[in-house]
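Enquirer: Pasted the sequence and its predicted model underneath.
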Amino acid sequence: MTTFERDAKTLELPWRFTGREDELELIRRALTAGHLGIVVTGPAGCGKTRLVTEAVRGSDRARAAGTPGTRHIPFAAFAHLLPETVSLHRAVQLLSGVRLLLIDDAHLLDDASAALVHQLAVHGRTRLIVVAADDVPCPGAVSRLWTGELLPRLALEPLPREDTEQLLAAGVGGPLEPLTLNRLLHLSRGDPRLLRDLADALRERGLLTRCPETDQWTWRGPLPLTATVRERGARLLDHPQGGALTRLAFSEPLPLAVDDFDLGELGDLEALEADHLIRIDDDGAVRLARPLHGPVLRAAAGRLRARRLARTPEQCAPALAAERAALTRGIEQTDVRALPAPVGEWLAQEGVPVPAGHAAVRARFSRLRGELREAAAWAREGLREAPGDVSCRTELALAAAQSGDTATAERALAGLPALDGAAAWLAVARGDVEGAALEAFGAEDAYGLYDAVRLGVPEKVADRLPAGGVFALHAQALAQADGPGLDRAAEVLEERGFLLFAAEARAQAVRAHRDPHAARTSRTRAVALARRCQGARTPALSGLVLGELTARQRQIVALAAAGLSNRQIAERLTLSVRTVGNHLYGAYARLGANDRSALPWLMDLPDTETA
C-alpha cells in the first residue's frame, strides 16, 4: 500500500470512533464503482477530518491539505506530490493515476491547487474526498464541486449529545457526571476537537475524580490552559483591551453594567463590541460573548491578579437567592421553561458548596423538565455539605425512581418519611403501579395528584386539580380516552417545559387514538420527547418503538422542516428532485406524517442550517 501524507492531523487517534455510522456509510458508498467521490462540509472542529479518516482507513490514498500560510504559493497543497515547477495540465496528468485523493481543509487551498482539484473532478479518473469548512470563505473552484454537481455533498451536522457522551466516556475511561458533561459541552460548543483536548487534559492532569455514589467522573475547579485552549483564546490574551476583558471575566457569573465603567473604559467596550468579543443586553449588562472566554482569561491571569479580582461566593448570595426564587416561582406557576441560573452552576463548577436549599429547588426544576440525571446530580451537590437534608434526599429518590434505579431511591429514603410523591414513585420502581396510584390519590398538592394522571388513573383526581390548568386538561382527556385531547395537552405541557409529562401524554394518546395514522404520529412524538428525558422509565412510556431515520433522510427532513422546497433541497445537496421526494416519502412513513407541514413539531431536530 502506498500512502502519501502531508501531516498526521487526526489520522491516528487513540479515541474510539463513535457515532456517525450513517455518514460513514455515505462516504464509503461514494468511493465505490461508478462514483467520483464526495465533498464533506461543516463548521471548523465538527469532526470532518476524523470522519473521512475513518472512511478511508486501510485504503491506498494520497492526501493534500490547505494551510493558511501557503495560500499565495501555487500548488502548495500538492508540493509533496508534484514537481517543483508544473503547469495545471501537467498536474492533472500526474495525479490522474492516483486512485483516491483526500483533500483536507480545502477552503484554505491556493487558487492553483483549487483549480487542480476541480479539474480532477471534471476528468473523473481520480476519486476525491474533499473536506471544507462551511463557515468561512471558500475558493470558487472548490465550491463549484457541489454547486456545479460534479460531486455530491455531505453537510455534516453536530454530533448528537448521546454520541458525544459516549465519545467522552470512551476517552476518559467511564461515564461523566451530568454537571461535568454539561460544562464540557457548554465550553466546547459542539467542537469535538476542543472537547477531546479538554477531556485529555482533565484525565492526564488528574483533575477528574470519581463520584462515590455513581462511579462517574466529576470535574470541579478551573479550566486547564492547554495549547488548544490558548489557541482558541489567542485573540483575548493579546487584545489591546485585555484589561477590560479580564475585568469582565472575573465578574462572572454576574454581569457588569455599562455604568460600572468610566469614560475611558467605555471606549474599550465599544472596541470589544465591534470585535464581537462582548455583548450588551437591553438592560445595559455586559457579558463576554463566548462561554470559553471567561475561563481562559481567568486561567491566564495569575494567582495574585485572580485573588484581587475574583468574586467570592458570599458576594453572589443575593443573586443566588434570586435564582432560587425564580425557579420556585416557575414550579408554582406550572411553567418550567429553561431559566438561566449561572450562579448556582458557577458554585458547582468551582467546587464551592451549593446550599442544600438551592440544590433541592434546582433538582426539582430539572426533574420536572424531564432532566432526571441532572436532577440527581443537583440533589447530590446539596447532599455533599448537608448529607441529611430531607429535600435533597427526596429529590434524589424521585429522580432515581423515575429512572428505574430502585436501589438508589431506597437508599435516599432510608429512615425518612416519603415526601412529595417519593413513596408513589418508589412503588412504581418496585413494580407496584396500583400501590403507587393509591399513594397519589392521597396527595395534597397539584404535582402529587398529577402523578395519578401520569400513572393512568385520572378519574379520582381530575376534579381536584386546578381548574383550567394543563394538569386538569390532561386528566380530563385521559379519563375520556380522547386521543386528540391528549395530544393538545401534550402540546401545552411541552410548551411549558414539561418534556417528560408531554412524552407520557403522547404515549397515552397512542392507545386512545382510533386512527392508526394519528396513533403513529403520537408515538413518534412521544419517542422524540422521551429521548430528551435522560433515561426516564415510567409506566406510560413502556413499549414505545420507532424506526430511526437514515442520515440522508434526517438531513432532508431537517431542510424540509425549515421550509425549503424539494427543488431547493435538491440544489443544496446536489441531488435530483426525485431522489429528495423518495427520501421524504420514506421519512413520512417512519414519522407518521402526511406532508411537510407536520415536520417542524414532529421531529426534535438541531438547527437546520446544513448547507
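Expert: Right, received. Where do you want to start? Bear in mind the structure is a predicted one, so any value in this text is a computation, not a measurement. Numbers count the residues shown, from 1 in each chain.
Enquirer: was I right about V510 contacting R525?
Expert: No: contact criterion C-beta atoms under 8 Å: V510 and R525 do not qualify, at 9.5 Å. Where C-beta positions appear, they are placed from N, C-alpha and C, glycine not excepted.
Enquirer: burial count for G69?
Expert: G69 is flanked by 8 other residues according to other C-beta atoms under 10 Å.
Enquirer: Just read off the phi/psi values of it.
Expert: phi -80, psi -10 (degrees, to the nearest 10).
Enquirer: before we move on, what about P253?
Expert: Main-chain dihedrals, P253, degrees, to the nearest 10: phi -90, psi 0.
Enquirer: Tell me how many other residues surround it.
Expert: Count around P253 with other C-beta under 10 Å applied: 21.
Enquirer: Would you quantify the distance from the residue of the chain positioned farthest from its centre to A79?
Expert: Distance from the C-alpha centroid of the chain, by C-alpha atoms, centre = their mean, peaks at T85 (47.7 Å). Going from T85 to A79 by C-beta to C-beta, to the nearest Å gives 11 Å.
Enquirer: Then E444?
Expert: Taking C-beta to C-beta, one finds E444 at 77 Å from A79.
Enquirer: If you count surrounding residues, which of the two has more?
Expert: Using other C-beta under 10 Å, the more surrounded residue of E444 and A79 is A79, with 16 against 7.
Enquirer: Skipping adjacent residues, who's closest to the residue nearest to the spatial centre of the chain in space?
Expert: For the chain, R161 is the residue whose C-alpha lies nearest the centre (C-alpha atoms, centre = their mean; 4.5 Å). Closest residue to R161 apart from its sequence neighbours, by C-beta to C-beta, 6 or more residues apart in numbering: L185 at 7.2 Å.
Enquirer: any idea of the mean pLDDT for the one helix or strand that neighbour maps to?
Expert: Using DSSP states H and E, L185 maps to helix 178-188. Regarding helix 178-188, the rounded mean pLDDT is 94.
Enquirer: what comes up buried for that helix?
Expert: The neighbour-count check on helix 178-188 (16 or more other C-beta atoms under 10 Å) flags 178-185, 187-188 as buried.
Enquirer: Can you name every helix or strand that that helix contacts?
Expert: Contact analysis of helix 178-188 by 3 or more C-beta pairs under 8 Å, 6 or more residues apart in numbering; DSSP states H and E lists helix 161-172, helix 192-204, strand 216-219, helix 342-350, helix 372-385 as its packing neighbours.
Enquirer: For the shortest one, output the C-alpha coordinates as PDB.
Expert: The C-alpha coordinates for strand 216-219 follow below in PDB (Å, rounded to 0.1, in the frame of the first residue of the first chain):
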ATOM      1  CA  GLN A 216     -18.900   8.700  37.400                       C
ATOM      2  CA  TRP A 217     -16.100  11.100  36.700                       C
ATOM      3  CA  THR A 218     -16.500  14.600  38.100                       C
ATOM      4  CA  TRP A 219     -14.600  17.800  37.300                       C
END
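Enquirer: Quick one: list the elements packing against it.
Expert: helix 178-188, strand 208-211.
Enquirer: how far is the longest one from where the chain is centred?
Expert: In other words, helix 178-188. Counting by C-alpha atoms, centre = their mean, to the nearest Å, helix 178-188 is centred 10 Å from the centre of its parent chain.
Enquirer: next one: stretch 169-179
Expert: 15 Å.
Enquirer: how about that stretch: buried residues?
Expert: Across stretch 169-179, burial judged by 16+ other C-beta under 10 Å covers 169-172, 175-179.
Enquirer: just stretch 386-406 next, same as before
Expert: Under 16+ other C-beta under 10 Å, the buried positions of stretch 386-406 are 386, 389, 391-403, 405.
Enquirer: neighbours around the residue lying closest to R290 once chain neighbours are set aside, how many?
Expert: In this structure, R290 finds its nearest non-sequential neighbour in R189, 7.3 Å apart by C-beta to C-beta, 6+ apart. Using other C-beta under 10 Å, R189 is surrounded by 14 other residues.
Enquirer: With V131 instead?
Expert: 23.
Enquirer: Could you name the helices and strands sitting against the helix or strand where it lies?
Expert: Element membership for V131 (DSSP H and E) is strand 127-133. Contact here means 3+ C-beta pairs under 8 Å, 6+ apart; on that basis strand 127-133 packs against helix 21-30, strand 37-42, helix 48-56, strand 100-104, helix 111-123, helix 140-147.
Enquirer: Report the distance from it to the chain centre.
Expert: A distance of 26 Å separates the centroid of the chain from that of strand 127-133, by C-alpha atoms, centre = their mean.
Enquirer: residue contacts, A359?
Expert: A359 is in contact with 344, 378-379, 381-383, 392, counting by C-beta atoms under 8 Å, 6 or more residues apart in numbering.
Enquirer: Run through who's touching stretch 132-140.
Expert: Stretch 132-140 has contacts (C-beta under 8 Å, 6+ apart) with 39-44, 48, 105-107, 109, 111, 114, 142, 155, 611.
Enquirer: Just the buried ones from those?
Expert: Buried among the contacts of stretch 132-140 (16+ other C-beta under 10 Å): 39-43, 48, 105-107, 109, 114, 142, 155.
Enquirer: Please identify the most buried of the helices and strands packed on helix 178-188.
Expert: By mean neighbour count, with neighbours taken as mean count of other C-beta atoms under 10 Å, helix 372-385 ranks first of the helices and strands packed on helix 178-188 at a mean of 24.
Enquirer: now the angle from that one to helix 178-188?
Expert: Interaxial angle of helix 372-385 relative to helix 178-188 (axes from the mean of the first three to the mean of the last three C-alpha atoms, to 10 degrees): 110 degrees.
Enquirer: quick one: helix 372-385 to helix 342-350, angle?
Expert: Put simply, helix 372-385 runs at 70 degrees to helix 342-350, going by the same axes, to 10 degrees.
Enquirer: Helix 372-385 - contacts with which helices or strands?
Expert: helix 178-188, helix 356-368, helix 390-401.
Enquirer: Just give me how far it sits from the chain centre.
Expert: 21 Å.
Enquirer: And for that helix, what's in contact with it?
Expert: Applying C-beta under 8 Å, 6+ apart, the external contacts of helix 372-385 come out as 177-179, 182, 211, 213-214, 348, 353-360, 362-364, 366-367, 389, 391-393, 395-396, 398-400, 402-403, 408, 412, 500, 533-536.
Enquirer: R61: neighbouring residues, count only.
Expert: 22.
Enquirer: Which residue, other than its chain neighbours, is closest to A199?
Expert: Counting by C-beta to C-beta, 6+ apart, G171 is the residue found nearest to A199 once chain neighbours are left out, at 5.0 Å.
Enquirer: how far away is that neighbour from P291?
Expert: Distance, G171 to P291, using C-beta to C-beta: 20 Å.
Enquirer: Spell out which residues make up each domain of this structure.
Expert: For the chain, automatic domain parsing gives the domain ranges 3-155, 161-221, 229-311, 551-602.
Enquirer: which one of those domains lies closest to A440?
Expert: Among those, domain 161-221 comes nearest to A440, with 27.3 Å by C-beta to C-beta.
Enquirer: hang on, the earlier thing: spit out the contact partners of the residue nearest to R290.
Expert: 290-292.
Enquirer: thinking again about what came up before, max pairwise distance over the contacts of A359: which two?
Expert: Checking the contacts of A359 with C-beta to C-beta, the most distant pair is G344 and L383, at 15.0 Å.
Enquirer: give me phi/psi at the nearest residue to C533 once chain neighbours are set aside?
Expert: Here the nearest residue to C533 in space, its sequence neighbours aside, is G370; by C-beta to C-beta, 6+ apart that works out to 3.7 Å. Dihedral pair for G370: phi 90, psi 10, per degrees, to the nearest 10.
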